[in-house]
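**Student:** give the three-dimensional model of this entry:
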Amino acid sequence: MSTSKLDTSGVFDQQPQSEVRLTLSSNAIKFRRNGIEFLSSKAVPVWSEMTIDIQSPDAKKVRGSGVVVACDGCHKSGYVVSFVFMNLSRQAQERLGVLAQA
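**Tutor:** Numbering: from 1, shown residues only. Got it, this is the predicted structure:
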């Protein structure tokens, strides 16, 4: 019995990653328990890594990196993108908490 079959599906091929950076106003997002949701005019592929800067009303930015976990909608009404932050510093977590309360 032999199990040596060459994988030709392409699943294990590395995909080129382009860094996506986005700046959003704190008024343009909805804070969720584990992340944020925002409206986008373009669909964003699920599992895309992004860096997001959130501009607060007092002109301070909170920067965080994470992953898109859902993108629902259509091209006419826009797409609701669900984003989860990964490895936020304690200071960034506190700033997001303050923004969520406002």
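**Student:** contacting residues around stretch 50-65?
**Tutor:** Contacts to stretch 50-65, defined as CB atoms under 8 Å, 6 or more residues apart in numbering, come from residues 19-27, 29, 36, 44, 49, 66-68, 83, 85-88, 92, 95-96, 99, 102. Yep, even glycine has a C-beta here, placed from its N, CA and C like the rest.
**Student:** chain center to that stretch: distance?
**Tutor:** Mean-position distance between stretch 50-65 and its chain equals 13 Å (CA atoms, centre = their mean, to the nearest Å).
**Student:** write a PyMOL command that selects only the buried members of the contacts of stretch 50-65.
**Tutor:** To isolate the buried members of these in PyMOL, using 16 or more other CB atoms under 10 Å:
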select buried, resi 24+26+29+36+44+66+68+83+85+88+92+95+96+99
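**Student:** neighbours of the residue lying closest to residue 23 once chain neighbours are set aside, how many?
**Tutor:** Distances taken as CB to CB, 6 or more residues apart in numbering place residue 53 nearest to residue 23, at 4.4 Å, with adjacent residues excluded. By other CB atoms under 10 Å, the residues close to residue 53 number 12.
**Student:** so which bits of stretch 35-51 are buried?
**Tutor:** 35, 36, 38, 44, 48, 50.
**Student:** now tabulate those in a markdown table and tack on pLDDT.
**Tutor:** Listed next are those as a markdown table, based on pLDDT from 0 to 100:
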| residue | pLDDT |
| --- | --- |
| 35 | 91 |
| 36 | 95 |
| 38 | 95 |
| 44 | 91 |
| 48 | 91 |
| 50 | 92 |
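**Student:** just the ones of the residues you listed in strands?
**Tutor:** Mapping those onto strands (DSSP state E) picks out 35, 36, 38, 50.
**Student:** and of those residues, the nearest to residue 75?
**Tutor:** Among these, residue 38 lies closest to residue 75 (CB to CB), at 16.6 Å.
**Student:** doesn't residue 29 make contact with that closest one?
**Tutor:** Yes - counting by CB atoms under 8 Å, residue 38 touches residue 29, with 4.6 Å between them.
**Student:** that older thread, nearest to residue 78, of the ones in strands among the buried residues of stretch 35-51?
**Tutor:** residue 38 (9.9 Å).
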